[in-house]
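In: predicted model and sequence below, questions to follow.
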Amino acid sequence: MTSCPEETRLIRMVASELAEAESLALQAHLNDCESCRAKARQLEATWNLLGYPPVALPDSDLTGRVMAAVSIPQSAKWTGRWGRLAATIALAAGLGAGAGWLTPSGGRIQAEAAVSEDELIESLGLRNLSGESGGLAGLFDDEGTVTEPAQGEDS
Amino acid sequence: MVALATLVQRHQNRVRTLAFRLMGKWDIADDIAQEAFLRLYHSASRYQPTAALTTWLHRIVVNLCLDWSKQRKPSPWPDTDSMAADAPSGDGNMLRNEKLVAIRQAVAELPERQRIALVLHRFENLNHAAISAVTGWSEPAVESLLVRAYARLRERLKTWMEP
């Protein structure tokens, strides 16, 4: 019997992160090791339980709020609930209607099904994305970064 | 502007849900979601394309949640009223509601970094490398956080697990 795996490998297995060969090797160990089999069962039970049930989203006009906020000069202090109320009023007063997400004829923009993510990103002034996971260098230089937890630190 | 509206419509559910799972209240989650898209918009000119857009959005939301927690004490967690309000109603669902509240409470009570790693892993289906890319934490740190998070949840929720 191969040596017992670290718990992180069992977590990766339950989350279907292991490559096929590694998964098969681990399963072979579980077939022979009651202790690891029990740990894997508990992990799987925890995993399944956490998926109950999916979150039900309440209605929200997030798009309207975001568009209203970008219509306001950045120097204005539109923060918090009163800021959002003011932004909404400004939107209702016609700023939103002229903000550019209606066609010149006044009709609603058609569904974006034909617009790819890359086209959206290009039109926002972003360069094309590689799609590869990596760092986000430069994005938060002046906003602080998520710091590495110290050894054994939880929060 | 059209592009931004489309981008928001396309990603808002995911962003709102992530913020809710991390913060526990819909009004806070929606504030964070709004701010996330505004940061995306205003940061566009500084963006270096080394990651996918969803990774970027995840990173912004996580950062905002951490900032919120630092600036606004006490924590909004736990909020069992929000949890219960989100649960299905009706007498027949009482046990299901208790289970839902217990699960959400257990996640809420995780230490902050464990909760972030857990939510990204279990609910956003990010693997260890992707969580590392979002948070900037090393993969060993992510592994350690997840091992501890799942261990805590296993202990906390064992009465709800099927034999």
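Out: Right, received. Where do you want to start? Numbers count the residues shown, from 1 in each chain, chains lettered A, B, ... in the order given.

In: do a quick rundown of the helices in chain B.
Out: B:2-23, B:26-42, B:53-71, B:80-85, B:94-108, B:112-118, B:128-135, B:139-156 (DSSP state H).

In: most tightly surrounded among these?
Out: helix B:112-118 (a mean of 25; mean count of other Cβ atoms under 10 Å in any protein chain shown). C-betas here are computed from N, CA, C, even on glycine.

In: count the residues that sit near A:Glu17.
Out: Per other Cβ atoms under 10 Å in any protein chain shown, the neighbour tally for A:Glu17 reads 18.

In: any idea how far it lies from B:Glu143?
Out: 11 Å (Cβ to Cβ, to the nearest Å).

In: what is in contact with the two at once?
Out: Common neighbours of A:Glu17 and B:Glu143 (criterion: Cβ atoms under 8 Å, 6 or more residues apart in numbering or on different chains): B:His128.

In: ok but A:Leu18 is inside a strand, no?
Out: No - counting by DSSP: H, G, I helix; E, B strand; the rest coil, A:Leu18 is not part of a strand but coil.

In: contacting residues for it?
Out: So A:Leu18 contacts A:9, A:12, A:26 (Cβ under 8 Å, 6+ apart).

In: among those residues, who's most crowded?
Out: The residue in the contacts of A:Leu18 with the most neighbours, by other Cβ under 10 Å, is A:Arg12 (22 neighbours).

In: state the distance from that one to B:Glu124.
Out: Distance from A:Arg12 to B:Glu124, by Cβ to Cβ: 16 Å.

In: likewise for B:Ala5?
Out: 24 Å.

In: swap in A:Ala40?
Out: Counting by Cβ to Cβ - A:Ala40 and B:Glu124 are separated by 23 Å.

In: one more: B:Ala52?
Out: 13 Å.

In: check B:Gln105 too.
Out: For B:Gln105, the distance to B:Glu124 (Cβ to Cβ) stands at 20 Å.

In: same thing with A:Leu43?
Out: Counting by Cβ to Cβ - A:Leu43 and B:Glu124 are separated by 18 Å.

In: cool, and A:Val55?
Out: Counting by Cβ to Cβ, the gap from A:Val55 to B:Glu124 is 12 Å.

In: try B:Ala133
Out: Applying Cβ to Cβ to B:Ala133 and B:Glu124 gives a distance of 12 Å.

In: next: A:Leu62.
Out: 18 Å.

In: who's more crowded, these two?
Out: For A:Leu62 and B:Glu124, the more surrounded residue by other Cβ under 10 Å is A:Leu62, and the numbers stand at 20 against 17.

In: ok, the closest residue to that one other than its chain neighbours - contacts?
Out: Nearest non-adjacent residue to A:Leu62, counting by Cβ to Cβ, 6 or more residues apart in numbering or on different chains: B:Gln12, 4.8 Å away. Contacts for B:Gln12 (Cβ under 8 Å, 6+ apart) come out as A:60, A:62-63, B:33, B:37.

In: again, only using 7 Å
Out: A:62-63, B:33 (Cβ atoms under 7 Å, 6 or more residues apart in numbering or on different chains).

In: tell me how many other residues crowd A:Ser3.
Out: Neighbour number of A:Ser3 under other Cβ under 10 Å is 7.

In: wasn't it part of a strand?
Out: No - in this structure, A:Ser3 is coil, not part of a strand, as judged by three-state DSSP.

In: quick check, the residue in chain B closest to chain A?
Out: Residue of chain B nearest chain A, by Cβ to the nearest Cβ: B:Pro111 (3.6 Å).

In: now that residue. Its backbone dihedrals?
Out: Taking degrees, to the nearest 10, you get phi -60, psi 150 for the backbone angles of B:Pro111.

In: next: B:Gly24.
Out: According to degrees, to the nearest 10, B:Gly24 has phi 90, psi -10.

In: model confidence for it, exactly?
Out: B:Gly24 carries a pLDDT value of 87.

In: go on, the one 4 residues further on?
Out: The model reports B:Ile28 with a pLDDT of 91.

In: show the contacting residues for B:Ile60.
Out: Contacts for B:Ile60 (Cβ under 7 Å, 6+ apart) come out as B:36, B:39-40.
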